[in-house]
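Enquirer: Got a sequence here, can you model it:
(2 chains)
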Amino acid sequence: MALDVFSPWDDPNAKPLIQFKNVTKRFGDFTAIDDLTVDIFEQEFFALLGPSGCGKTTMMRMLAGFETPSQGTILLSGQDIAPVPPNQRAVNMMFQSYALFPHLSVWDNIAFGLKRDRMPKDEVAARVDEMLRLTRLEKFGRRKPHQISGGQRQRVALARSLAKAPKLLLLDEPLGALDKKLRQETQFELMDIQESTGTTFVIVTHDQEEAMTVASRVAVMDEGKIVQVATPDAIYEAPNSTYVADFIGDVNLITGTVKAEGDKLHLTWAEGQSEIVGSSSKTFSKDQNVHFAIRPEKVAISAQKPEEVANAISGKVLDIAYLGNISTYHVQLAGGQIIKAQTANNRRISRRSFTWEDDVWLSWTDTAGVFLER
Amino acid sequence: MRRFSWFNATSLTLGFAFLYVPMIILIVYSFNKSKLVTVWAGFSTHWYGELLSNQSMLDAAWVTVKVAVVSSSIATILGTMAAYVIVRAGRFHGRTLFSGMIYAPLVMPEVITGLSLLLLFIGLNVDRGVMTIVLAHTTFSMCYVSVVVSSRLVSFDQSLEEAALDLGCSPFQAFRLVTLPIIAPAVISGWLLAFTLSLDDLVIASFTSGPAATTLPMKIWSSVRLGVSPEINALSTIMIALVTVGVISASLINKHQAVRKKREEQAAERQL
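Expert: Purely as a prediction, here's the structure:
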């Protein structure tokens, strides 16, 4: 059965719902958004990911209408939204603090936006009840926000922002206030709700795991620029810079000079060590300085030198981090460099194969890592 | 528990004596049978009855209440608007100057406020009476209201207003439907403060009133100049009783609400 993959960003004929065109936003001397251009498509779950202060919240607030760009235009369904005030945009936002109205009941919070549209009373009631069902809050309609738990408040905020059936829903760190377990459950709920309502979601988060879990595409931001926009697997497997590689997950970076041999690239990285063989879709000039990035889980660890593998390096176990499901080994190479290797603990800990100070071999295939410009 | 010490007991007694002995004497003598304020001649509620049949005293009380209600209501509206602008308008040119100017009347000597208002009314050729007292009281009490309201607005989560706008409110609707109900307790305490200030103001009222309008403090002051009568003691006792009941019930209601809210929050977290 062929699965119809959702990827409008690869379709040249697809019309984006939101277009940022060379948008710059300055606050005094500080440039929050720097000449940014990006397209977001209908029904996408788009994540803006970056450290605090990278401009992701400013982008969202420009979409909601609380900030206007200093330069450039933002188009929503092809129309410039700069002159449209926030109360007339078909965009709703779920706030980081939830911003529930403390003097209104859960029911009235959800009905708030509908009543502003002068919707008839019975339609309001029907819509609110539908939202309560969607977020499994039927029993709590009459409570005030301070009479429900944090997780329930989060769902009320979601229901309230979805009630008006916006074209675009903005979520500002929606799960930041929840504890880890509840956060993971809620991520899946969010995805279900996004799918069943067909609304376009833009989520702001600094939690890379959250972005990877929920998003159809992730934009990694740094200092007002988007460093890379791609699907979660592309961001993880093929980062376009050391910033992205380092920000998403854990990575080993090896620096050296590269030269092409056949369709493979060879990295000279330390004296007395054999070259690292890898492949890349990008081309590099001969002897160009590069980073070779490889994820710890792609590095295998063994007692004997493995046969017929592209890359094998010997070293000594320096540290072991036991995380329950996986263990991370810090292996020191002859030159002093430390490489992290990760293995799944599919056996009980008492039968672990390696311990501190053991001599081991690290190995990986010639497609496991990526070459990045320095 | 700290050990009982003579030093603590003495400071406590002295402190409270300093605060309350004058009032207690006043209350006790309001029940004095004798017309002489300084001679005790047995218990009586005679002066309370006398007070209720004193028409000029009742008129003055009525004027005072009218002035206080009207002036504190206008002051609350103006003071809330001023506080909202100063807190929300962000950094505009001369903001410090403006917020300073709102609070300056707090430290202005009353005599100067009264005198300048008097000169204004004479200059504008306004007949002095209840209306001018109302205007004068509004002027000085609105800055108290704006202090109370702006301290609440500073801690107000602005994303609540943004959420209201986001859900389709015009800025005025957002204020009326979201901001105002949430800051209402501060607005009400501002109103009560303005009301109390207006009730007991003597100086500014004396400057700005005309022959037709006498407030209770003015009445008390002028009759005391002719000698303290037990009737005034009775009146003062009534005022003390009203204020005490008001303050105690307000703090009880506050405390009760805080306790209930806390209990409900804990219950919400438990049942998850």
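
Enquirer: show me where chain B has helices.
Expert: Assigned by DSSP state H, chain B shows helices spanning B:6-30, B:46-52, B:55-88, B:95-107, B:110-124, B:130-154, B:159-166, B:171-174, B:180-199, B:203-208, B:216-225, B:230-271.

Enquirer: Give the other helices and strands that the third one contacts.
Expert: Here helix B:55-88 touches helix B:95-107, helix B:130-154, helix B:180-199, helix B:216-225, going by 3 or more CB pairs under 8 Å, 6 or more residues apart in numbering or on different chains; DSSP states H and E. Every residue, glycine included, has its C-beta placed from N, CA and C.

Enquirer: and the angle for the first one with helix B:130-154?
Expert: For the pair helix B:95-107 and helix B:130-154, the angle between their directions (axes from the mean of the first three to the mean of the last three CA atoms, to 10 degrees) equals 130 degrees.

Enquirer: same deal with the third one?
Expert: Helix B:180-199 runs at 140 degrees relative to helix B:130-154, counting by the same axes, to 10 degrees.

Enquirer: what pLDDT, on average, does helix B:180-199 get?
Expert: Taken as a whole, helix B:180-199 has a mean pLDDT of 91.

Enquirer: tell me what that helix is packed against?
Expert: Short answer (3+ CB pairs under 8 Å, 6+ apart): helix B:180-199 packs on helix B:55-88, helix B:130-154.

Enquirer: quick one: buried residues of that helix?
Expert: B:182-183, B:186-187, B:189-199 (16 or more other CB atoms under 10 Å in any protein chain shown).

Enquirer: just the first one next, same as before
Expert: Going by neighbour count (16+ other CB under 10 Å), the buried part of helix B:95-107 is B:99, B:102, B:105.

Enquirer: Return the member of the residues you listed nearest to residue A:361.
Expert: Nearest to residue A:361 among those: residue B:99, at 70.8 Å, using CB to CB.

Enquirer: Give me the neighbour count for whichever residue of the stretch 1-150 of chain B sits closest to chain A.
Expert: Closest contact between the stretch 1-150 of chain B and chain A, by CB to the nearest CB, is at residue B:91 (9.9 Å). Residue B:91 has 7 neighbouring residues, counting by other CB atoms under 10 Å in any protein chain shown.

Enquirer: what sits against it?
Expert: Shown in contact with residue B:91 (CB atoms under 8 Å, 6 or more residues apart in numbering or on different chains): no residues.

Enquirer: Can you pull out the low-pLDDT segments for chain A?
Expert: A:1-4, A:349-352 (pLDDT under 70).

Enquirer: and the stretch 1-150 of chain A, which residues reach chain B?
Expert: Contacts of the stretch 1-150 of chain A with chain B, taken as CB under 8 Å from any CB of the partner chain, map to A:64-66, A:85-88, A:91-93, A:95-97, A:99, A:101-103, A:112-113, A:116-117, A:143-144, A:146-150.

Enquirer: Give me the domain ranges for chain A.
Expert: Domains of chain A are assigned by automatic domain parsing as A:13-245, A:250-373.

Enquirer: Make CSV from the ones you listed and add distance to residue B:236 and mean neighbour count to it.
Expert: CSV is the format used below for these (distance: least, CB to CB, whole Å; neighbours: other CB atoms under 10 Å in any protein chain shown):
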stretch, distance to residue B:236, mean neighbour count
domain A:13-245, 40, 19
domain A:250-373, 76, 15
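
Enquirer: Which strand residues bridge residue A:361?
Expert: Note on residue A:361: beta-bridge partners by DSSP bridges are residue A:302, residue A:314.

Enquirer: can you tell me which residues contact the closest residue to residue A:90 other than its chain neighbours?
Expert: The shortest distance from residue A:90 to any non-neighbouring residue, by CB to CB, 6 or more residues apart in numbering or on different chains, is to residue A:167 (4.4 Å). Contacts for residue A:167 (CB under 8 Å, 6+ apart) come out as A:17, A:76-77, A:90-91, A:199-200.

Enquirer: Off-centre distance for whichever strand or helix holds residue A:221?
Expert: In this assignment (DSSP states H and E), residue A:221 forms part of strand A:217-222. Centroid separation for strand A:217-222 versus its chain: 7 Å, with CA atoms, centre = their mean, to the nearest Å.

Enquirer: CA-only coordinates of that strand, as CSV, when you get a sec.
Expert: C-alpha atoms of strand A:217-222 as CSV (Å, rounded to 0.1, in the frame of the first residue of the first chain):
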residue,chain,number,x,y,z
ARG,A,217,8.7,20.5,9.4
VAL,A,218,11.1,22.1,11.8
ALA,A,219,12.8,25.5,11.4
VAL,A,220,15.9,25.8,13.5
MET,A,221,16.6,29.4,14.3
ASP,A,222,19.6,31.3,15.6
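
Enquirer: Direction included, what does that strand pair up with?
Expert: strand A:45-49 (parallel), strand A:225-230 (antiparallel).

Enquirer: Dump the helices and strands packed on helix B:55-88 to TSV, plus distance to residue B:210.
Expert: Converted to TSV, those look like this (distance: least, CB to CB, whole Å):
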stretch	distance to residue B:210
helix B:95-107	23
helix B:130-154	7
helix B:180-199	17
helix B:216-225	12
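
Enquirer: These: lowest mean pLDDT?
Expert: Among the helices and strands packed on helix B:55-88, helix B:95-107 scores lowest, at a mean of 84.

Enquirer: Quick check on the residue of the stretch 1-150 of chain B closest to chain A: phi, psi?
Expert: phi -90, psi 100 (degrees, to the nearest 10).

Enquirer: just residue A:24 next, same as before
Expert: The phi/psi pair for residue A:24 (degrees, to the nearest 10) is phi -130, psi 140.

Enquirer: nearest spatial neighbour of it, skipping sequence neighbours?
Expert: residue A:71 (4.2 Å).

Enquirer: and what of residue B:189?
Expert: residue B:148 (5.7 Å).

Enquirer: Which one, of the helices of chain B, ends up nearest to residue A:271?
Expert: Of the helices of chain B, nearest to residue A:271 by CB to CB is helix B:159-166, at 57.6 Å.

Enquirer: so what's residue A:21 up against?
Expert: A:37, A:72-75.

Enquirer: Name the nearest residue to it, ignoring sequence neighbours.
Expert: residue A:73 (5.0 Å).

Enquirer: how much space between the one you found and residue A:20?
Expert: Distance check for residue A:73 against residue A:20: by CB to CB, to the nearest Å, it reads 8 Å.
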